[in-house]
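Undergrad: Here you go, sequence then predicted model.
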Amino acid sequence: MKINKIKENGLYAIYCNKEYELIIRENKYLLFSTDNEDFEKNGFTFYEDASGNIDKDMFIKKVNSEEIDEAYNVRMYGVYKGHEFFIMRENNGEVLITISSPREVEIAKDLDFKFVEPFVYDKKVLIDDLDEIIEKQEKVYLD
């Protein structure tokens with residue numbers, strides 16, 4: 001799917017017609033939001049970390065798998081100089097793109113990627129230097 005926005009790679013869920021980040025722990029389904037409306041109207045509570053610190057900008061809600069309309073794993077890719085690369089992360093207008101295939105080593109070298117370990121190369125580039133941003137979704141089946 002061609003898009004304009006870079007998401008975090010990870011698990012997402014559709015709940016009440018809205019997309020949320022999803023974490024599954026010990027058969028518990030946790031939805032995360034930064035939208036105040038979810039806190040005010042949709043039953044989300046403040047996020048509390050394992051040390052008891054409360055984050056008033058992050059909200060969480062435990063739900064049953066039956067309440068989730070759809071779940072999927074998201075992986076972000078960027079097209080850079082005609083080649084598709086996995087986007088590891090985005091930070092301040094830059095992305096870290098990477099390859100991890102022996103077939104792509106020559107491409108990485110030609111594009112001045114940095115060697116990380118055998119067959120793994122990465123490079124920081126400006127988001128604006130990407131020709132295209134692609135979101136790939138893989139359906140996740142819940143219990």
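TA: Received, thanks.
Undergrad: Give me the below-cutoff pLDDT ranges for this structure.
TA: Applying pLDDT under 70 to the chain flags residues 1-4.
Undergrad: all helices for it, in order.
TA: Counting by DSSP state H, the chain has these helices, from start to end: 36-41, 105-110.
Undergrad: how near is residue 7 to residue 134?
TA: 11 Å (Cβ to Cβ, to the nearest Å). Bear in mind the C-beta positions are built from the backbone N, C-alpha and C, glycine included.
Undergrad: if I look at the two, which residues touch both of them?
TA: Common neighbours of residue 7 and residue 134 (criterion: Cβ atoms under 8 Å, 6 or more residues apart in numbering): residue 76.
Undergrad: contacting residues for the closest residue to residue 72 other than its chain neighbours?
TA: Among residues not flanking residue 72 along the chain, residue 137 sits closest, at 4.4 Å (Cβ to Cβ, 6 or more residues apart in numbering). Contact partners of residue 137, counting by Cβ under 8 Å, 6+ apart, are 1, 12, 72, 73, 74.
Undergrad: swap the cut-off to 10 Å and go again
TA: Counting by Cβ atoms under 10 Å, 6 or more residues apart in numbering, residue 137 touches 1, 12, 70, 71, 72, 73, 74, 75.
Undergrad: any chance of the helices of the chain in JSON lines, with distance to residue 61 and mean neighbour count too?
TA: Formatted as JSON lines, these follow (distance: least, Cβ to Cβ, whole Å; neighbours: other Cβ atoms under 10 Å):
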{"stretch": "helix 36-41", "distance to residue 61": "7", "mean neighbour count": "14"}
{"stretch": "helix 105-110", "distance to residue 61": "42", "mean neighbour count": "15"}
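Undergrad: These: which one's closest to residue 79?
TA: Closest of those to residue 79 is helix 105-110, at 12.5 Å (criterion: Cβ to Cβ).
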